[in-house]
Structures are given as structure tokens and as C-alpha cells.
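Student: here's my sequence, what's the structure:
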Amino acid sequence: MIGAGIFAALAPAAAAAQAGLLFGLAIAACVAFFNASSSAQLARLYPTSGGTYVYAKERLSDFWARAAGWAFIVGKLASCAAVALTFGYYLFPAYARFLAAGAVIAFMALNSFGIKKTASVTKVIVSIVVLSLVAIVALILQGHPNFANLQPLSGSSGLYGILQSAGIWFFAFAGYSRIATLGEEVRNPETAIPRAILLGLTLTFLIYAAVVVSTLLVVGPATLAQSNAPLVTAVHEAGFAQWQWLVTLGAVFATLGVLLTLMTGVSRTLFAMAADHTMPSYLARVHPMYKVPYLAEVTVGLILVSVVLFVDVRSAIGFSSFTVLLYYAITNASAYTLKPDERLFGRKLATLGLLSCLVLAFTLPLASVIVGSLVMLLGFAVYAVHR
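Tutor: Okay, the predicted model is just below:
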């Protein structure tokens, strides 16, 4: 979760809601908690790779399972490509595509050697990102905070703008499902998965809140909305332009961390669908030594290399948020069916999660809703033909 979102989501969230982006952040965190509680309960009962694809198949129907799998794969593939390109443009714009392809190939190889290798690298990446964010907040707060930047808290667009910003912020929280999609590779999944999801979500919200409040106080929503690199702008405004490299360092490692875990999540969903013969069966092959679906990893890697070398999908990230919110709506619908003795939390959380996901999905910018809906309809058409 602590990844590229905090470096990229500030500007569009400020454009949508101005100072109301603070409420949007809180709403996104609440929706993420609702979804996390549902994911934690389901992952505890079904500790297998595939996440909501598996849960929907067990609790709802084959149709909803395929809908969840399709939403996750297309949404997260777009996210992977966008994040890889963002990494390249931050590091060396002239060679962005080649750097993006190189990062994809490196992580494809790393993920093929087992989840312990992936987790070890992730620890290093997240540590660097968190330290850079702490340093950035410390630098920003040495500027001249202006509490007038928080007025009006409701923003100029009112509730609609706040909800739109919440949908944008949600993209920055969505990483908790990666824990659930790796269920077969986790020790003591019944206790480890729920604890990891809820602890990770809490820590992420606290870090995001510190960054957002400090940045908003020093820079103001109007300037943030116009910035392509809001944290760089904040460091400049605070009078520490010479520390811009620190933001670049954090952004580069943040994008790498997101890319690493996204590729892992997509490959596991492909693996689960292949095991059910929804995808080509060769994707379900597991390496005898490293116990990972290595052909699914390679397939994801090759698709992404092709995309980042020839297509600029950074602007298509909106439909990713739409499809991911639909994915979590199915997660909550699956959790709603749990019996009392299967639950860790009350059914109300699943209901709130389902409704809030649908509200945020359909209050995203109209273009994102239209493109996302068309992509989902394409998936349903393929399902109908396959039937």
C-alpha cells in the first residue's frame, strides 16, 4: 500500500475536492477498512491463491468469480504498466520505456524464485519509501504552514468532489488484497492474513495522513492540483529545493514496490483461474522447487514488457480504479454470505463495503466510468461466448 499512490494521488484529489481531499482520504480509508475486513475473513476460510476470484466462486457463483477475476486482471495490468512507466519517467525520462521494461523483466525473474525473495525485497523497498516520506514531512513542516489552506474543508464541489477524491485516494490503499491473493504461500494463514491486512492498513493511513496534512498546510490545494509532482512542489515551497532528490528517491522505490507486488497478485489470480480452466491450463503449472506459478509470472511479464514499450497507458489509470472498486464490491458480497460461526466481524461491515464501493466507482470521472464499464462488458461477452 505504501507506494506510488501517495506520490501521484495528491494532485488529482486536490483538483477534485480542494481541502476536502482530507475527508476524501478518510472516506477512502474507511472503505478500505470495510473491504479489508471482508478480505481478511474470506482469506482466513479460503487460504488459496486467487483472492476474490476464489471467494466469489465458493460463496456466489461462477459468473461472479469470473467477473472478479476479469476486473482484477485488466485493472491491475493497467496499473502495472502505468506504475512501470512512472518509474522510468521519474528516473530517466529519455529512456523511460526501456527502464520500465527492464524493471518488469527483473521482477518477473525475482518472483519466479519464490515468495520469500519477493517479501525480502519488498521489506527493503518499503523501508526506503517510509524513511523518505518521514524526511519529506520533516522538511515540509519547516516551511510556513498556513491553516487558511484548509478552508473551506468541504471544497468548492461539495460532497460530489469529496466522493470523487475518495475514489482517487482508494487507488492508493488497494494493496491489502495482495496478502489475500498469496494465501497458499503464507504460514498460519488463519491468523496471519487478517492481522497483516488490518495492521498494514492502519499504518498506511497514519503515514498518508501525516504527508497529506503537512503538504496541504504548506502548499495549498490550488497549487497541488496544478502540480505533476506534488511532493516535489511541497519541498520547493518549504525552501528545500536542494532536497528534491529525496522525493525522487522515494518515488522511484515506491513505484518499484507497487510494481513488484502488483505483478505477484496478477499472476496468482491467473494461476487460480487457470486451475479452474477459465484461463489456459499451462498457467497453473507450479515450479517444483520454488513452489510458484512460474508460467503465470512469465506471461504477466511478457504482456507488460510489450505494453510499456509500445503504449503509454498512464492516462488510462482511471478505469483501473473503476474495475478495482467493482472487484471489491464482489469481495463484500461474498463476505455477506458468511455464517455467524465463520465471521470475525459483523455483516454490517460487508454491507457498508459493498455500497461504498459502488458509490465511489460511479462517482469517478465520467470517462473512467464509461471506459471501465465497456471493459467489464467485454469480459462478460467473452464469458458468454465461452459458455
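Student: tell me the contacts of Y53?
Tutor: For Y53, the residues meeting the contact criterion (CB atoms under 8 Å, 6 or more residues apart in numbering) are A65, R66, A68, G69, F72, T269, A272, M273. For glycine as for every other residue, the C-beta is placed from the backbone atoms N, C-alpha and C.
Student: just the residues you listed: which are in helices?
Tutor: When these are checked against helices using DSSP state H, the ones located there are A65, R66, A68, G69, F72, T269, A272, M273.
Student: checking the closest residue to the last one other than its chain neighbours next. Helix, strand or coil?
Tutor: With sequence-adjacent residues excluded and distances taken as CB to CB, 6 or more residues apart in numbering, M273 is closest to M279, at 4.3 Å. Secondary structure of M279, reduced to three states by DSSP: H, G, I helix; E, B strand; the rest coil: coil.
Student: can you report how many residues neighbour M279?
Tutor: For M279, the number of neighbouring residues by other CB atoms under 10 Å comes to 19.
Student: from L338, how far off is it?
Tutor: M279 sits 27 Å away from L338, going by CB to CB, to the nearest Å.
Student: what of N35?
Tutor: In terms of CB to CB, N35 sits 15 Å off from L338.
Student: compare these two (neighbour count), which wins?
Tutor: Comparing N35 with L338 by other CB under 10 Å, the one with more neighbours is N35, at 33 against 19.
Student: work out for me the element the closest residue to that one other than its chain neighbours sits within.
Tutor: If you skip the residues right next to it in sequence, N35 has Y328 as its closest partner in space, 4.5 Å away by CB to CB, 6+ apart. If you go by DSSP states H and E, Y328 is part of helix 317-336.
Student: what's that helix packed up against?
Tutor: Contact partners of helix 317-336 among helices and strands, from 3 or more CB pairs under 8 Å, 6 or more residues apart in numbering; DSSP states H and E: helix 21-45, helix 52-59, helix 62-91, helix 158-170, helix 177-181, helix 347-362, helix 366-386.
Student: quick one: closest of those helices to I128.
Tutor: Relative to I128, the nearest member of the helices and strands packed on helix 317-336 by CB to CB is helix 62-91, separated by 13.7 Å.
Student: what's the weakest-modelled helix or strand in the protein?
Tutor: When each helix and strand of the chain is scored by mean pLDDT, DSSP states H and E, helix 177-181 comes last, with a mean of 64.
Student: so R187: helix, strand or coil?
Tutor: R187 carries the three-state label coil when classified by three-state DSSP.
Student: was I right to think the residue nearest to M273 contacts S267?
Tutor: No: counting by CB atoms under 8 Å, S267 is not a contact partner of M279; they are 11.1 Å apart.
Student: any idea how far the most centrally placed residue in the chain lies from P194?
Tutor: Among the residues of the chain, A174 comes closest to the average C-alpha position under CA atoms, centre = their mean, at 3.6 Å. Taking CB to CB as the measure, A174 falls 17 Å from P194.
Student: what of T202?
Tutor: Spatial separation of T202 from P194 under the definition CB to CB is 13 Å.
Student: within the helices and strands, which one has the closest residue to Y208 other than its chain neighbours?
Tutor: Counting by CB to CB, 6+ apart, Y208 lies nearest to I6, which is 5.7 Å off, once chain neighbours are set aside. In the assignment (DSSP H and E), I6 maps to helix 5-8.
Student: buried ones in stretch 84-95?
Tutor: Within stretch 84-95, the residues scored as buried using 16 or more other CB atoms under 10 Å are A84, L85, T86, F87, G88, Y89, Y90, L91.
Student: residue ranges with poor pLDDT in the stretch 151-300 of the chain?
Tutor: 177-185, 228, 280-284, 287-291, 294 (pLDDT under 70).
Student: for R387, give its distance to L378.
Tutor: Distance of R387 to L378, given as CB to CB: 15 Å.
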